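Student: A structural model of the following input is requested.
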Amino acid sequence: MAGISRIVSQREAFRNPNKDQVAHKEIWFKDGDQAFITPVATGNEDDDRLDDIYLYTFREDNRWINLLKDDSVDTSSVPDNVRPSHKFAFWGFVHEIIHADRRQEAWTEIEGPGGRKMYRQEVNDFKVVALSFGRSDYIWNQLVDVYNDWGTLDKGVIRVKRTGVGMYDTSYQIAATARDEELPTDKLQEVAELQTIQSYYKERYSGNPELSLNGTSSLYGDDGKKEDSLF
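Tutor: Down below sits the predicted model:
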């Protein structure tokens, strides 16, 4: 398939993805973004809403493909020189994301520190937060610190902030906040319906990359590569 037919087919796949493919639920951060999240994950031993995953990311033709490293997933298409990134991921209820730049008109302009303009995106939904462990596990250790302070991750609202634009100058901050914000009553019943992290990634990244078309509206993942935006 070539020319117009190929492009039409790709656009149809993007608008009407494989019905068996679970929809994007991750959030990705750009420089200056900070999200306020009530974790659904507890961090306890029986917690399946927090887990670690290995994910291959590579380019094929005109799209980035993400593929889970798992015994149940065919990874024969992964180039020999590509190594999987190791991430931890957890479910959380994202209240809002504060952006340094306005990338959508629907975001509300607010005044940040020092009178700087910032932009609030109301999310109010359950999302997957996936981050690399960081050098010497510094990102992961910040989440562990919250768990140690609270005794459980789902006790309150945390803030996740990204600073930097590239693979080598990007840092993340995870910190507990004093915000006293509970999950909306109409959302409580959805908690029990959330997939495990492993189940989500197996369904989403096991070989159906229709939504990974390059050139769509996108944010950069924490590995510096473009990812499709769910916003």
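
Student: Who is I97 paired with across the strands?
Tutor: I97 has these beta-bridge partners by DSSP bridges: A35, Q121.

Student: Show the contacting residues for it.
Tutor: 27, 33-36, 120-121, 123 (C-beta atoms under 8 Å, 6 or more residues apart in numbering). Every residue, glycine included, has its C-beta placed from N, CA and C.

Student: Among those residues, which one lies nearest to A176?
Tutor: Distances from A176 to the contacts of I97, taken as C-beta to C-beta, are shortest for F36 (11.2 Å).

Student: Need the pLDDT of that closest one.
Tutor: F36 carries a pLDDT value of 98.

Student: For it, which non-adjacent residue is spatially closest?
Tutor: H95 (4.7 Å; C-beta to C-beta, 6 or more residues apart in numbering).

Student: tell me the mean pLDDT over the one helix or strand that neighbour maps to?
Tutor: Assigned by DSSP states H and E, H95 falls within strand 85-99. Averaged across strand 85-99, pLDDT comes to 97.

Student: Beyond that strand, next helix or strand please.
Tutor: Trace forward from strand 85-99 with DSSP H and E and the next one is strand 108-111.

Student: List of residues touching that following strand?
Tutor: By C-beta under 8 Å, 6+ apart, strand 108-111 touches 98, 102, 117-120, 122.

Student: how about a cut-off of 10 Å?
Tutor: 96, 98, 102, 116-122 (C-beta atoms under 10 Å, 6 or more residues apart in numbering).

Student: What subset of the residues you listed is buried?
Tutor: The neighbour-count criterion (16 or more other C-beta atoms under 10 Å) marks 96, 98, 118-119, 121 among the contacts of strand 108-111 as buried.

Student: For the protein, which segments count as strands?
Tutor: Assigned by DSSP state E, the chain shows strands spanning 26-27, 34-39, 50-60, 63-68, 85-99, 108-111, 117-132, 158-163, 171-176, 218-220, 226-228.

Student: for the second one, packing partners?
Tutor: Packed against strand 34-39 by the contact rule (3 or more C-beta pairs under 10 Å, 6 or more residues apart in numbering; DSSP states H and E) you find strand 85-99, strand 117-132, helix 138-150, strand 158-163, strand 171-176.

Student: Quickly check the contacts of I97 for the two that are furthest apart.
Tutor: I27 and R120 (14.7 Å).

Student: which one of the buried ones among the contacts of strand 108-111 is nearest V129?
Tutor: For those, the closest approach to V129 (C-beta to C-beta) belongs to E96, at 13.9 Å.

Student: Contacts only, for that closest one.
Tutor: By C-beta under 10 Å, 6+ apart, the residues touching E96 are 34-37, 107-108, 120-124, 181.

Student: ok, of these, which one's closest to E190?
Tutor: N124 (11.6 Å).
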